[in-house]
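Asker: Could you look at this predicted model? Sequence included:
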Amino acid sequence: MTGIPEGMEAVPAQTDPEFYKKFNTSELLQYSLLSPITKNNARRTWQVCPSLNFFIGQDSLTLRTIRDDMAPIKFFWSSPNPENLLSEPPIVETAINENPRVAFVKPEYRNMLNWVDHFSEVLHSKEIRLSLTSAESIFGIDEIKMLFVNYKIVGFIGTSFDLLEQLLTQFLPLQTIKLDMTPDADLTADFQPLANAIRGIDEIMFGKEFPMTLENLKEVRNETITILCPSMGLRELNAWLRSWSSSESNRNLVDLQIRFPAETFARDYRRFVFHRIQFLVGQNFICNYPYSSKAWDYEPMKSLDGPFIVRRGFQDALMDFFPERLYMTVKFTVQF
């Protein structure tokens with residue numbers, strides 16, 4: 001294994017943009033380790049990532065990003081000593097093209113902090129998302145905080161509700177955060193402890209892999225909530241509206257946005273969303289019909305435009321729908 005890509009030694013113009021701009025992200029990161037000049041060249045290609053996602057396991061760390069052409073980068077130690085892992089140089093490996101094990105070599109990088117700084121600079125990201133993949137992680141919470149002390153923690157990725165809650169609580173208080181789950185997450189744990197842990201966060205976003213169900217949404221007490229691709233459809237949205245309007249749930253809510261896959265919305269979605277829900281259009285036109293009512297077949301009803309007003313006692317909320325090619329975004333804003 002070598003730190004220099006095969007054949008690169010023979011290339012006379014390693015600084016030629018026509019050479020390094022053809023690399024995929026994994027190749028570019030390898031190239032960036034050769035010298036200060038190649039690192040700067042790699043930075044100038046502007047392979048920007050919104051965040052660096054670190055998965056902290058029992059015996060290693062793994063770096064992933066949203067870039068499809070970047071293989072995960074694994075950091076591990078031959079004889080790990082939990083007390084001084086941050087001061088020991090890790091072994092760094094990834095996969096590049098057909099080679100499943102390629103070592104990233106940089107002798108002057110003496111510790112894990114050097115590696116985090118390098119990838120942060122090349123990928124133009126100072127934002128970190130963290131995930132505990134094991135209850136017995138290689139780093140303790142204090143070491144994790146030290147490793148990312150110069151970075152902004154913007155999200156947590158869970159392999160289970162309880163591990164997600166265990167990690168998140170160590171970084172409170174927070175004003176805003178994004179939570180997500182791995183596709184193979186264990187969802188058997190109770191959601192309630194996690195809902196309790198996030199209560200004091202002003203703005204919270206649940207990512208596209210987070211299994212946000214109707215019952216889980218009712219437990220969330222934050223003021224501003226954004227949900228991407230929930231495990232809900234029109235029936236659950238209607239049930240949530242009924243619970244909110246009857247003051248059964250989400251009493252602290254100010255703003256809610258839910259992005260649904262477009263295929264979950266029927267063309268005449270209004271009749272299902274507002275099934276037996278009293279709502280207003282403007283100040284005078286009041287509706288309260290079951291989805292099966294012939295009133296929904298009346299042409300003006302089919303083309304009603306929002307915002308729609310839904311009431312809870314003497315309090316109004318504005319609800320509107322914004323169709324896109326792949327998604328339907330529902331916005332719900334409580335009026336004060």
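Answerer: All right, it came through fine. Numbers count the residues shown, from 1 in each chain.
Asker: Point out where the protein drops to low pLDDT.
Answerer: The chain contains residues with pLDDT under 70 at 1-15, 82, 283-284.
Asker: And the residue nearest the centre of it?
Answerer: For the chain, the residue nearest the mean C-alpha position is residue 207 (4.2 Å; C-alpha atoms, centre = their mean).
Asker: need the contact list for that one.
Answerer: 155, 157, 178, 179, 180, 181, 228 (C-beta atoms under 8 Å, 6 or more residues apart in numbering). Yep, even glycine has a C-beta here, placed from its N, CA and C like the rest.
Asker: partner strands of the longest strand along the chain, parallel or antiparallel?
Answerer: Taking DSSP state E as the criterion, the chain has its longest strand at strand 176-186. In the sheet, strand 176-186 lines up against strand 152-160 (parallel), strand 203-206 (parallel) (DSSP bridges).
Asker: okay if I get the ones you listed as JSON lines plus distance to residue 334 and mean neighbour count?
Answerer: Formatted as JSON lines, these follow (distance: least, C-beta to C-beta, whole Å; neighbours: other C-beta atoms under 10 Å):
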{"stretch": "strand 152-160", "distance to residue 334": "25", "mean neighbour count": "20"}
{"stretch": "strand 203-206", "distance to residue 334": "15", "mean neighbour count": "19"}
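Asker: Out of those, the one nearest residue 239 is which?
Answerer: For the strands paired with strand 176-186, proximity to residue 239 was assessed by C-beta to C-beta; strand 203-206 is nearest, at 18.0 Å.
Asker: can you pull the alpha-carbon coordinates of the closest one into CSV?
Answerer: Extracted C-alpha coordinates of strand 203-206, given in CSV (Å, rounded to 0.1, in the frame of the first residue of the first chain):
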residue,chain,number,x,y,z
GLU,A,203,-35.4,24.5,16.1
ILE,A,204,-35.1,20.8,15.2
MET,A,205,-35.0,19.0,11.9
PHE,A,206,-35.6,15.3,11.3
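Asker: so which of the strands paired with strand 176-186 comes closest to residue 46?
Answerer: Nearest to residue 46 among these is strand 152-160; the distance by C-beta to C-beta comes to 20.0 Å.
Asker: now the strands: where do they sit in the stretch 201-336 of the chain?
Answerer: 203-206, 224-228, 255-261, 279-281, 285-287, 308-312, 315-323, 327-334 (DSSP state E, counting those that start in this stretch).
Asker: in its sheet, what does the fifth one sit against?
Answerer: Paired neighbours of strand 285-287 in the sheet (DSSP bridges): strand 279-281 (antiparallel).
Asker: what's next to the strand it pairs with, contact-wise?
Answerer: Under C-beta under 8 Å, 6+ apart, the answer for strand 279-281 is 286, 287, 288, 304, 305, 306, 308, 309, 310, 311, 319.
Asker: Next, the buried residues of it.
Answerer: Of all the residues in strand 279-281, those buried under the rule 16 or more other C-beta atoms under 10 Å are 279, 281.
Asker: Identify the residues contacting the closest residue in space to residue 318 that isn't next to it in sequence.
Answerer: Leaving aside its sequence neighbours, residue 318 sits nearest to residue 307 (C-beta to C-beta, 6 or more residues apart in numbering; 4.2 Å). Going by C-beta under 8 Å, 6+ apart, residue 307 touches 318, 319, 320.
Asker: how close does residue 307 sit to residue 286?
Answerer: Remark: distance between residue 307 and residue 286 (C-beta to C-beta, to the nearest Å) = 15 Å.
Asker: what's the answer for residue 63, then?
Answerer: For residue 63, the distance to residue 286 - C-beta to C-beta - is 55 Å.
Asker: Please identify which of those two sits among more neighbours.
Answerer: Using other C-beta atoms under 10 Å as the criterion, residue 63 and residue 286 rank with residue 63 on top: 20 against 12.
Asker: Which secondary structure element is home to the more buried one?
Answerer: Here residue 63 sits within strand 60-64, counting by DSSP states H and E.
Asker: What strands line up against that strand, and which way round?
Answerer: Partners of strand 60-64 in the sheet, by DSSP bridges, are strand 52-56 (antiparallel), strand 73-76 (antiparallel).
Asker: Report the buried residues of the first one.
Answerer: Across strand 52-56, burial judged by 16+ other C-beta under 10 Å covers 52, 53, 54, 55, 56.
Asker: And for stretch 297-304?
Answerer: Buried residues in stretch 297-304 (16+ other C-beta under 10 Å): residue 301.
Asker: Can you tell me what sits against that stretch?
Answerer: 268, 270, 281, 287, 295, 296.
Asker: roughly how far is whatever helix or strand residue 163 lives in from the heart of the chain?
Answerer: Element membership for residue 163 (DSSP H and E) is helix 161-168. Relative to its chain's centre, helix 161-168 lies at 15 Å (C-alpha atoms, centre = their mean, to the nearest Å).
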